[in-house]
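In: Sequence and predicted structure below; questions after.
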Amino acid sequence: MGFKQIFSFISLVTLISGFISIYDSSTYDNKIVPESIKEVYEYYTSNTTNKYNFDKNATDFKVVGDLLPGFQSIKNNKLYKKPENIYSGRISINEDLKHSLFFWKFDREYTAGEKEQNKTLTFFINGGPGCSSMDGLLLENGPFRVNKDGILISNEGSWHMQSDIVYLDQPLGTGFSTKLDTAEKDFDFYDTDLINDSSRNMIKFLIEYFKIFPEDKNKRIIFAGESYAGQYILHFINNIWKFNKMIEDGKFSHLSQINVETVMLGNAWVDPVEQSASYLPFFQKEGLFKQDNLKIKKILGLQEKCQTNINNIEIEDLTSDNDVTHCDTIMYTFISSVFDPAKKDEKDKCLNVYDYRLTENAPSCGMDWPYELPNINKFFMKKGVQEALHIQDTEDDYDANDEIIRWTECSNKVGNFIKKNNQNTVPSIRILPSLLEQGLKLYLFNGDKDIICNHLGVENYVKKLSWDNKQFSEDAMWHNWTHESELVGSFMKDRNVVLINIINGSHMVPYDKPLESRALYHIMDMLEDEDDKVNIPTENYHIETFNHNLKKEKIVFIKEDDKEDLFNDSDKEDEESKEHDDDHSDKEDDDDDDDDSDDEDEDEKADSRAQTKSFLPNWLLTLAFVALIVYILKYFFDTIIRKNYFSNGEIQSQRLEDPEHSLSKGIHSKRLKEDLEPGLGNSEFDIEMNDNNQLENSVLDDLDITKD
């Protein structure tokens with residue numbers, strides 16, 4: 001390793017500097033209303049009614065739970081209640097083209113002692129683009145998981161214990177929101193961008209949904225999602241609010257505004273620059289990137305190219321959510337570089353891009369994860385399931401095709417259309433400051449073991465957000481979060497932005513931290529119910545949450561004198577229960593006061609002597625610092641420079657040769673079966689194969705993984 005590489009390794013892994021110091025609302029004109037949103041407004045102000053939804057109500061979408069395999073065997077306990085009110089089916093959003101979106105809804109259930117205040121409705125959307133929200137329902141935060149036999153089992157971390165929740169397959173072509181007219185051209189069906197197509201279709205869906213479920217219209221609406229949903233959801237909110245403004249300014253009383261003000265995003269893709277630039281610093285911070293890395297020269301070279309590209313970017317150039325060239329390649333290269341192909345048990349291995357604690361066989365690298373993924377199709381293919389969920393509906397007027405639909409986790413056609421045509425939709429980071437100024441409440445939660453949308457990249461862009469002429473506070477404190485008296489994460493807050501890191505969480509936090517993810521609702525409630533103290537970024541406090549002992553939940557403020565100021569609903573009860581004990585203990589304390597005061601005098605003298613003895617003069621500290629520098633320089637000389645420049649041989653590694661592969665091949669995966677095609681993979685990353693469609697030792701050099 002040369003002097004340049006040594007210097008680069010020491011300096012670059014601390015942080016790749018971003019191309020702009022702040023993101024604020026002045027860099028993007030967000031006042032323009034898209035033509036597609038105007039069309040929706042004109043359509044519904046003309047009293048036009050979708051004929052497929054005209055005479056439908058909630059009972060038409062009611063699901064009989066006992067018809068679902070495993071439902072009857074699920075038992076209630078103190079943490080979980082089986083959902084009673086379940087609804088599912090397709091809602092038409094375009095009667096002429098027979099376009100519809102599939103949803104699956106669960107009403108909230110309450111544990112014993114909870115007050116029934118059914119006022120929250122959450123819409124959950126998975127990423128991709130093009131990945132089904134049945135992932136979220138059956139692998140993450142829904143009422144059910146699926147066992148290896150395709151049978152439903154309970155999920156105690158289900159979000160339906162905190163909110164009504166709707167899982168929505170969108171855009172068109174995702175999951176069970178399939179094309180019903182096989183003769184329709186793909187370009188007429190699939191969404192080509194997030195504003196003119198996806199946002200328009202989302203607003204149409206919501207209007208039709210609230211006609212069917214009018215009792216949901218006035219609830220507190222939360223949009224939640226993960227990964228690429230960081231692009232979807234922020235654009236949806238932006239255009240929903242523009243639609244609301246048109247209603248407010250108009251004279252059509254039959255149109256109601258869509259009351260949404262809160263967003264929850266998990267390991268979300270929001271800022272392509274800061275998040276693409278975060279990979280190498282993240283690897284170093286997590287202790288994964290070391291000097292003996294087999295591809296260190298290549299990785300350092302990619303970093304230099306990444307930084308050069310970032311330096312040359314102007315904010316006006318950010319018109320796409322795609323990765324920054326060379327920055328994303330750092331991740332692709334690194335995930336295989338920690339393994340030595342010369343070792344039998346490390347040959348063809350790579351890190352899981354969604355959880356770096358897991359080792360995978362290339363070229364999967366996480367594509368077949370979570371490992372319960374095949375169970376979902378077993379469930380949907382069981383006899384009677386699709387009919388019970390109104391997926392296979394012989395009575396609808398949409399189409400004449402009543403065959404069972406094979407569920408696909410991620411549609412590459414959906415992803416291809418958006419990735420190739422979404423060039424005029426700015427990345428959501430550019431509209432985010434404007435949304436914050438309009439009052440958006442933003443909760444960003446991140447599993448700390450995810451690579452592809454890692455927590456460091458999220459933290460970097462959050463600290464550059466500026467709204468209402470004030471940047472996210474550089475002095476904002478990290479606050480501890482304990483759940484069931486165990487430290488599970490930390491968070492920081494400035495005004496209406498909360499950033500939460502969850503210990504030992506993956507890219508899909510609810511999958512491996514279900515109960516903690518459910519408690520995110522508790523954190524939201526406590527932070528929003530508390531007084532202005534939590535809105536002071538430098539205020540010192542932590543939060544305690546529990547699964548069902550909700551009276552014990554509290555915010556603990558730490559005062560300067562290290563005394564704790566407790567805030568929770570049961571403070572008064574706690575204080576009253578202690579009064580009797582305090583009165584009794586006061587008598588005993590009075591008897592011991594004299595003895596204690598004498599002991600304190602002696603302790604103070606001893607502490608004073610100890611502090612005097614432990615004091616080190618400045619010259620000695622300086623000498624120790626110089627000795628440390630000398631030791632570091634000697635280490636680099638002995639272990640690196642002398643090894644590379646004063647030895648007779650050179651280090652040889654097949655993994656540094658970086659051969660080129662010219663032909664991309666399709667691969668087959670348990671996760672995607674026949675749906676995987678060259679160029680997109682599972683809409684979360686691409687893998688290139690050689691001409692013989694076989695994995696060679698060098699193929700890991702060219703891993704190409706595209707963020708969802």
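Out: Perfect, I can see it now. Nothing here was measured: the structure is a model prediction, and the numbers come from that model.

In: Give me the residue at the spatial middle of this protein.
Out: Note on the chain: the residue nearest the mean C-alpha position is Gly266, at 1.8 Å, using C-alpha atoms, centre = their mean.

In: Give the bridge partners for it, please.
Out: Glu226, Phe445 (DSSP bridges).

In: and Ile125, what is it in contact with?
Out: 133, 136, 168, 170, 223-225, 229, 232-233 (C-beta atoms under 8 Å, 6 or more residues apart in numbering). For the C-beta atoms, the positions are set from N, CA and C on the backbone; glycine is no exception.

In: Could you find the closest non-adjacent residue to it?
Out: Sequence neighbours aside, Gly225 is the residue nearest to Ile125 in space, at 4.0 Å (criterion: C-beta to C-beta, 6 or more residues apart in numbering).

In: Distance of the one you found relative to Ala519?
Out: 18 Å (C-beta to C-beta, to the nearest Å).

In: what about the two, which has more around it?
Out: Gly225 (26 against 23; other C-beta atoms under 10 Å).

In: On the pLDDT front, check that one for me.
Out: Looking at Gly225, its pLDDT is 98.

In: Surely it touches Gly127?
Out: Yes: with contact defined as C-beta atoms under 8 Å, Gly225 reaches Gly127; the gap is 6.7 Å.

In: what residues are shared contacts of these two?
Out: Both Gly225 and Gly127 are contacted by 232, 268, under the criterion C-beta under 8 Å, 6+ apart.

In: roughly how far apart are Asp475 and Ile555?
Out: Distance from Asp475 to Ile555, by C-beta to C-beta: 19 Å.

In: neighbour-wise, which of these two wins?
Out: Ile555 (22 against 7).

In: which SS state does that one fall under?
Out: With DSSP: H, G, I helix; E, B strand; the rest coil as the basis, Ile555 sits in strand.

In: cool, and Ile543?
Out: strand.

In: so it sits right up against Leu487, yeah?
Out: No: under the criterion of C-beta under 8 Å, Ile543 makes no contact with Leu487, lying 11.1 Å away.

In: what do these two both touch?
Out: What both Ile543 and Leu487 touch, as defined by C-beta under 8 Å, 6+ apart, is the set 480-481.

In: excluding its backbone neighbours, what's nearest His235?
Out: Leu194 (4.5 Å).

In: now do Lys56
Out: Ile212 (5.7 Å).

In: quick one: contacts for that neighbour?
Out: 53, 56-58, 60-61, 91.

In: if I look at Ser73, how far off is Leu152?
Out: 8 Å.

In: for the stretch 351-500 of the chain, what spans make up the strands?
Out: For the stretch 351-500 of the chain, the strands defined by DSSP state E, counting those that start in this stretch cover 355-361, 441-447, 466-467, 470-471, 479-483, 486-494, 497-502.

In: would you turn those into JSON lines with distance to Pro374, mean pLDDT and mean neighbour count?
Out: Listed next are these as JSON lines, based on distance: least, C-beta to C-beta, whole Å; pLDDT from 0 to 100; neighbours: other C-beta atoms under 10 Å:
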{"stretch": "strand 355-361", "distance to Pro374": "16", "mean pLDDT": "94", "mean neighbour count": "17"}
{"stretch": "strand 441-447", "distance to Pro374": "23", "mean pLDDT": "98", "mean neighbour count": "24"}
{"stretch": "strand 466-467", "distance to Pro374": "44", "mean pLDDT": "96", "mean neighbour count": "20"}
{"stretch": "strand 470-471", "distance to Pro374": "46", "mean pLDDT": "96", "mean neighbour count": "13"}
{"stretch": "strand 479-483", "distance to Pro374": "31", "mean pLDDT": "97", "mean neighbour count": "19"}
{"stretch": "strand 486-494", "distance to Pro374": "30", "mean pLDDT": "97", "mean neighbour count": "19"}
{"stretch": "strand 497-502", "distance to Pro374": "26", "mean pLDDT": "98", "mean neighbour count": "23"}
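
In: Show me the one of those that comes nearest Asp186.
Out: strand 355-361 (32.4 Å; C-beta to C-beta).

In: where in the stretch 601-708 of the chain is pLDDT low?
Out: Applying pLDDT under 70 to the stretch 601-708 of the chain picks out residues 601-621, 623, 630-631, 634-708.

In: redo that, cut-off 50
Out: 601-615, 641-708 (pLDDT under 50).

In: dump the residue contacts of Met161.
Out: Met161 touches 79-81, 108-111, 518, counting by C-beta under 8 Å, 6+ apart.

In: what do you get if the cut-off is 7 Å, keeping everything else the same?
Out: Counting by C-beta atoms under 7 Å, 6 or more residues apart in numbering, Met161 touches 80, 109, 111, 518.

In: Out of the residues you listed, which comes closest to Cys306?
Out: Nearest member of those to Cys306, counting by C-beta to C-beta, is Arg518, at 37.7 Å.

In: dump the residue contacts of Val414.
Out: Per C-beta under 7 Å, 6+ apart, neighbours of Val414: 128-130, 171, 173-174, 190.

In: Which residue is the nearest non-sequential neighbour of it?
Out: By the measure of C-beta to C-beta, 6+ apart, the closest residue to Val414 outside its immediate chain neighbours is Gly130, 3.1 Å from it.

In: More neighbours: which of Ser73 and Leu152?
Out: Leu152 (23 against 10).

In: For that one, what are phi and psi?
Out: phi -70, psi 140 (degrees, to the nearest 10).

In: from memory it sits against Phe71, does it?
Out: Yes: in this structure Leu152 lies within contact range of Phe71 using C-beta atoms under 7 Å: 5.6 Å.

In: With Met508 as the reference, measure out to Asp450.
Out: 8 Å.

In: ditto for Asn422
Out: In terms of C-beta to C-beta, Asn422 sits 24 Å off from Met508.

In: Next: Glu140.
Out: For Glu140 relative to Met508 (C-beta to C-beta), the value is 6 Å.

In: In which helix or strand does Gln275 reside?
Out: Using DSSP states H and E, Gln275 sits in helix 272-276.

In: chain center to that helix, what's the gap?
Out: 15 Å (C-alpha atoms, centre = their mean, to the nearest Å).

In: What is that helix packed up against?
Out: Counting contacts by 3 or more C-beta pairs under 7 Å, 6 or more residues apart in numbering; DSSP states H and E, helix 272-276 packs against helix 455-462.

In: Next, the angle strand 497-502 makes with the helix it packs on.
Out: 170 degrees (axes from the mean of the first three to the mean of the last three C-alpha atoms, to 10 degrees).

In: could you dump helix 455-462 to CSV, C-alpha only?
Out: This file holds the C-alpha atoms of helix 455-462, laid out as CSV (Å, rounded to 0.1, in the frame of the first residue of the first chain):
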residue,chain,number,x,y,z
HIS,A,455,-28.7,4.8,9.5
LEU,A,456,-25.5,6.9,9.0
GLY,A,457,-26.7,8.1,5.6
VAL,A,458,-30.1,9.0,7.1
GLU,A,459,-28.5,10.9,10.0
ASN,A,460,-26.3,12.8,7.5
TYR,A,461,-29.2,14.2,5.5
VAL,A,462,-31.3,14.9,8.5
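
In: What lies in contact with stretch 66-85?
Out: Taking C-beta under 7 Å, 6+ apart as the rule, stretch 66-85 contacts 65, 106-107, 109, 111, 143, 150-154, 156, 158, 160-161, 379, 382, 384-385, 388, 547-548.

In: Would you mind listing the buried residues in it?
Out: If you call a residue buried by 16 or more other C-beta atoms under 10 Å, then stretch 66-85 has these buried ones: 68-71, 74, 80-83.

In: Fine by me, we can end here.
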